[in-house]
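>>> Here is a sequence with its predicted model. Questions after.
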Amino acid sequence: MTIRKTIKAVLLLALFGSAQKAIGQKNFTISGSIKSKNNGESIIGASIKVLNSNYGTTSNEYGFYSISLVPNTYQIVYNALGKTPDTLSINLASNIEKNISLLEANYELTSVTVTSSKSSGRSVTGSQMGIEKLSVQESKNIPVIFGEKDLLKTIQLLPGIKPAGDGNSGIFVRGGSTDQNQIILDEANIYNASHLFGFFSTFNSDAIKDIAVYKGGMPAQYGGRLSSVLDVRMNEGNNQNTSVSGSLGLISGKLNVEGPIQKNKSSFLISGRRTYADVFLKMDEKYKDNKLFFYDLNAKLNYELGKKDKLYLSGYFGKDFLGFNNQFTTNWGNGTGTLRWNHIFNSRLFLNTSVIFSNYNYEFKVKNGTNDIKIFSQIRDWNLKQDYQYSINNKNNLRFGWSSIYHIIRPGEITSNATSSINDKIQDKRYSFENAIYVSNMFKPNKNLNITLGARLSAFNVMGGGNFFNIDEKGSIIDTITYTKGAVVKTYYNLEPRVSIGYMLNINSSIKAAYTRNAQYMHQITNSNGSNPLDKWASTSNIIKPQTSNQFSLGYYSNILLNTYEFTAEAYYKEMENVLDYRNGADLFLNETVEAQLLFGKGRAYGIEFMLKKKTGKLTGWISYTLSKSERKIIGINSNKWYNATQDRTHDISIVGIYQLSTKWTLSGNFVFYTGSAVTFPKGKYQVNGQTAYYYNSRNADRMPNYHRLDFGATMQLKKTKKWTKELVFSLYNVYGRENAFTINFQDNKDNPNITEIRQTSLFRWIPSISYNFKF
């Protein structure tokens, strides 16, 4: 079947999954926006349920909802996590606009209790699977390193999502590598989502409203990565009252200011954070010239142009600095900007148009005698996209849209001073367009069955503006071709169908199945276990092909004991093509022909994830367990046999508990265990010109030691009124002082070179912390 015929078939199925109108009756629509009455923030994922029926919907990313029903009188219940439900009686005889403002729920002893299954994203209803959702409220009491609330650290305690390890940024999701995760902040790509080599994330929790992680069954509006999407949304700013909040900790502080520009019509938010470890370094004469800090700034404005139009402008700016005695300095950081326009055409049709900018770069400076060297690399995106949502009737909700991203990569540049013995070297920039169109339909044929059917067609244009190479099987360059800027070097197309089905077994349980195909055109080039700020990004080229994956998943979902507990089990199998790995002895750093250092092949990942969550009462929390396998098979590596991927971890366990001791004290703890990452250790050694060289055999056939850790935390409420909130947060990271391995090195014994010594380096044992949080 041709691509055109396939797209046509998918579109027909998506658009005409059922009749648009009930026979003999005309549908009318209830639509509007859902906001918080306390601060005017739009509410994502609010539930709109028609009582005594199977009909309902949820609000979109901007709080807009639309539901079409036949004429009648209905009881409509509006609800959201942490809000007081509101029930309205509506006589539907024509299209009606209902804008809803929900009050904050008034929790006393159970202020951290989760009372809705939607908090985790694992609703038993609907067809969406493989999703995790977290609010700031859920993560605020979970202890993390240095005691700061961190949403990105908290999601690593959920099944199928694994940390790259201490001192590494990035996460592994369902057997994928760190670059196979798309991290977006207000729709802008974040290429490095960490500070201080992974100990902090780029996301200041005071500025964040919502985070959703899609591990499988990704909706058609998402694309560009194989493993997951982390969709992070910033707060809009309080349009009712001005408020100030902040925190002071042992090594960092933050301040958040938000308020109305024009009440009920526009608002602003500014949130900043900075570490001040460098201030303490200056107190010691020996370290006063060293640098070690980061900062980030979130800002957002929104303005309601009228009943049908709203503008949003948001930005993020973050930077890390590290330096030693002015001899070595490095900095890296992200910058993003997003301009969005929401327009409501009518009660059924909603449009969001976005113009997005994203930038990531690092700079590395070395001073050594007469040599003054600077190394620079950058990736920059410009993105234009539109997303439409159309409510056809009470059984069909349609989404469609398009996007176009212009990528500019500066792979690496070395510049030096006039007295340096090292020559300047500037690699050719790489230009590319990544375009996509998509359509999907959520179809509910009967009360028990939900189907989401969609497709995404992506196209990637490799653009000229430098030299391109052809290589042989050994990686040797056999030809060089120069393309002028603007010329099309090569174009790739990928059709990415998405199907998910949910079936209600009874009122409290369901089964779901999904199939997702993804294509990835941007790749991170690294030979480390995780990722670090100096890793190189490369776009698909005439040599590097797009990575593709097909993921099949099956799940069981159940609410137990009057919705007190939630149990889920999801199994998955993922096959991948054109995955990257490096040749033995590869030199990746500032290599102009880095493609010649790479090999390409296939991968597979499969596993099963379990989670039991307690959602109500003084004691809440969850237990999650993942059993998984991730492998690669690439011609030229490991004798062309299957081998463990670096991120292969057989077992992963997380236990999280939060206990509301009293109105003043909340206690929390979490325990983590996972199998050590796959690594390659030497199998022997030999001497070459008096130097020891090591012999390696199978790729990733060895293991780092298993990782485990216990953390405790406690929050003391100092004051809580309508105007003031004050609290102290205590935490102890790594309670029993486990020395988890960061690196393992092999070296000769100084007295007897025939004896090999193995040295393990560990980063942290105990890390106590205390912070003071306030809001007024």
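It's in.

>>> for this structure, which spans come out with low pLDDT?
Applying pLDDT under 70 to the chain flags the ranges 1-25, 106-122, 167, 169, 527-531, 589-590.

>>> so what are the domain limits for it?
3-107, 131-231, 232-775 (automatic domain parsing).

>>> Turn those into JSON lines, including distance to residue 123 and mean neighbour count.
For the C-beta atoms, the positions are set from N, CA and C on the backbone; glycine is no exception. Compiled in JSON lines, those are given as follows (distance: least, CB to CB, whole Å; neighbours: other CB atoms under 10 Å):
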{"stretch": "domain 3-107", "distance to residue 123": "9", "mean neighbour count": "17"}
{"stretch": "domain 131-231", "distance to residue 123": "9", "mean neighbour count": "23"}
{"stretch": "domain 232-775", "distance to residue 123": "8", "mean neighbour count": "17"}
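
>>> Quick one: closest of these to residue 124.
Closest approach to residue 124 among the domains of the chain (CB to CB): domain 232-775, 4.5 Å.

>>> now do the same end-to-end measure for that closest one.
End-to-end span of domain 232-775 (CA to CA, to the nearest Å): 23 Å.

>>> follow-up on the earlier one: need the domains of the chain in a markdown table (columns: distance to residue 125).
Converted to a markdown table, these look like this (distance: least, CB to CB, whole Å):
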| stretch | distance to residue 125 |
| --- | --- |
| domain 3-107 | 8 |
| domain 131-231 | 13 |
| domain 232-775 | 7 |
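
>>> Name every strand pairing with whichever strand or helix holds residue 613 and say which way it goes.
Element membership for residue 613 (DSSP states H and E) is strand 598-614. Paired strands of strand 598-614, with direction, are strand 565-582 (antiparallel), strand 619-634 (antiparallel) (DSSP bridges).

>>> For residue 514, find the nearest of those strands.
Checking the strands paired with strand 598-614 against residue 514 by CB to CB gives strand 565-582 as the closest, at 8.9 Å.

>>> Give me the distance from the closest one to the chain's centre.
With CA atoms, centre = their mean, to the nearest Å as the basis, strand 565-582 stands 16 Å off its chain's centre.

>>> same deal with stretch 641-655?
Distance of stretch 641-655 from the chain centroid (CA atoms, centre = their mean) equals 20 Å.

>>> One more: stretch 697-711?
Per CA atoms, centre = their mean, the displacement of stretch 697-711 from the mean C-alpha position of its chain is 24 Å.

>>> ok, now stretch 200-212?
The chain centre lies 11 Å from the centre of stretch 200-212; the measure is CA atoms, centre = their mean.

>>> and if you look at stretch 78-96?
From the chain centre to the centre of stretch 78-96 is a distance of 32 Å (CA atoms, centre = their mean).

>>> What's the end-to-end length of it?
This stretch, stretch 78-96, spans 15 Å end to end (CA to CA).

>>> Now do residue 524 against residue 580, distance only.
Between residue 524 and residue 580 the computed distance is 9 Å (CB to CB, to the nearest Å).

>>> same thing with residue 559?
Relative to residue 580, and taking CB to CB, residue 559 is found at 42 Å.

>>> Sheet-wise, list the partners of whichever strand or helix holds residue 455 with their directions.
Per DSSP H and E, residue 455 falls inside strand 449-463. Strand 449-463 has these partner strands in its sheet, going by DSSP bridges: strand 430-443 (antiparallel), strand 488-506 (antiparallel).

>>> Pipe the strands paired with strand 598-614 into JSON lines and attach distance to residue 77 per row.
Formatted as JSON lines, the strands paired with strand 598-614 follow (distance: least, CB to CB, whole Å):
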{"stretch": "strand 565-582", "distance to residue 77": "20"}
{"stretch": "strand 619-634", "distance to residue 77": "24"}
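
>>> Skipping adjacent residues, who's closest to residue 170 in space?
Nearest residue to residue 170, sequence neighbours excluded (CB to CB, 6 or more residues apart in numbering): residue 178, at 3.1 Å.

>>> Make sure the one you found is actually in contact with residue 172.
Yes. Residue 178 lies in contact with residue 172 (CB atoms under 8 Å); the separation is 6.7 Å.

>>> quick check: longest strand of the protein.
strand 371-393 (DSSP state E).

>>> neighbouring strands for the next helix or strand after that strand, and are they parallel or not?
Heading C-terminal from strand 371-393, the first helix or strand you meet, by DSSP H and E, is strand 396-416. Counting by DSSP bridges, the strands paired with strand 396-416 are strand 371-393 (antiparallel), strand 425-426 (antiparallel), strand 430-443 (antiparallel).

>>> end-to-end on stretch 388-405?
Across stretch 388-405, first to last residue, CA to CA, it's 18 Å.

>>> try stretch 246-264
Start-to-end, stretch 246-264 (CA to CA) is 24 Å.

>>> Spell out for me which residue occupies the centre of this protein.
The centroid of the chain falls nearest to residue 230 when counting by CA atoms, centre = their mean (2.5 Å).

>>> so how far is residue 354 from it?
Residue 230 is 18 Å from residue 354, by CB to CB.

>>> Do a quick rundown of the helices in the stretch 251-400 of the chain.
In the stretch 251-400 of the chain, the segments counted as helices under DSSP state H, counting those that start in this stretch are 277-281.

>>> quick revisit: just checking the distance from the strand holding residue 613 to the centre of its chain.
16 Å.

>>> what does stretch 71-90 give?
Mean C-alpha position of stretch 71-90 versus that of the full chain (CA atoms, centre = their mean) differs by 32 Å.

>>> Check the separation of the first and last residues in it.
Termini of stretch 71-90 sit 10 Å apart (CA to CA).

>>> Kindly report the same for stretch 298-313.
11 Å.

>>> Distance of residue 83 relative to residue 267?
Noted for residue 83: a distance of 19 Å to residue 267, by CB to CB.

>>> ditto for residue 277
According to CB to CB, residue 277 stands 34 Å off from residue 267.

>>> repeat for residue 759
Applying CB to CB, one obtains 55 Å for the distance of residue 759 from residue 267.

>>> wait, the residue nearest to the centre of the chain sits on residue 213?
Yes. Residue 230 is within contact range of residue 213, at 5.3 Å (criterion: CB under 8 Å).

>>> so what sits against both of the two?
Common contacts of residue 230 and residue 213, defined by CB atoms under 8 Å, 6 or more residues apart in numbering, comprise residue 155.

>>> what are the ranges of the strands in the stretch 601-750 of the chain?
Using DSSP state E, counting those that start in this stretch, the strands of the stretch 601-750 of the chain run over 619-634, 643-644, 651-660, 665-674, 678-679, 684-688, 691-695, 702-703, 707-720, 725-733, 741-748.

>>> What strands flank whichever strand or helix holds the residue nearest to the centre of the chain, and is each parallel or antiparallel?
Per DSSP H and E: residue 230 is located in strand 228-234. In the sheet, strand 228-234 lines up against strand 181-185 (parallel), strand 208-214 (antiparallel) (DSSP bridges).

>>> I'd like the next helix or strand past it.
Past strand 228-234, further along toward the C-terminus, the next helix or strand under DSSP H and E is strand 243-248.

>>> what's the distance between that next one and the middle of its chain?
25 Å.

>>> go on, stretch 296-303?
With CA atoms, centre = their mean as the basis, stretch 296-303 stands 20 Å off its chain's centre.

>>> which residues are contacting it?
Outside of stretch 296-303, the residues within contact range by CB under 8 Å, 6+ apart are 186, 195, 202, 204, 207, 234-237, 239, 261, 265-274, 310-319.

>>> and what of stretch 73-89?
The contact list for stretch 73-89 (CB under 8 Å, 6+ apart) reads 30, 34, 36, 43, 45-53, 90-92, 98, 100, 102-106, 114-116, 118-119, 135, 137.

>>> In strands, which of those residues appear?
Under the assignment DSSP E, the contacts of stretch 73-89 contribute 30, 34, 36, 47-50, 90-92, 100, 102 to strands.
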